[in-house]
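J.: sequence below, structure please.
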Amino acid sequence: MTAKRLIITGRVQGVGFRDWMVSRAQALGVSGWVRNRRDGTIEAVVDGETAAVEELLRACRRGPRLAEVDAIDEDLDEPLDQPGFRKLPTA
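T.: Okay, here's the model as predicted:
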């Protein structure tokens, strides 16, 4: 199991990134959340089987069709105690 906190930079807001990520995470069985940040980045916590988390990270490097991902900063995080993947309000 792996839990990571991500900060995704680039043209990632206003392109459907959060909804896309919720869909991808759910398909992979990854738990966590995703939200916009006021600085124009996206923050997410992803938790699940290591292979599924890594697959989601690979997908996030491309993002949805209209996104332009410049970088993803990732740090290890504490495992979540809630199943499922959801979209949170902007922070």
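J.: let me know whether G16 touches G63 as I believe.
T.: No: counting by CB atoms under 8 Å, G16 does not reach G63; the two are 9.1 Å apart. Glycine gets a C-beta too; all of them are placed from N, C-alpha and C.
J.: more crowded one of these two?
T.: G63 (22 against 15; other CB atoms under 10 Å).
J.: contacts only, for the closest residue in space to the more buried one that isn't next to it in sequence.
T.: Counting by CB to CB, 6 or more residues apart in numbering, G63 lies nearest to V69, which is 4.8 Å off, once chain neighbours are set aside. By CB atoms under 8 Å, 6 or more residues apart in numbering, V69 lies in contact with I8, T9, G10, V12, C60, R61, R62, G63.
J.: quick check: bridge partners of the third one?
T.: Think G10. V69 (DSSP bridges).
J.: burial count for it?
T.: 17.
J.: next, give phi and psi for the spatially most central residue of the chain.
T.: Centrality entry for the chain: nearest residue to the mean C-alpha point is A44, 4.3 Å, by CA atoms, centre = their mean. Backbone torsions of A44, given as degrees, to the nearest 10, read phi -150, psi 150.
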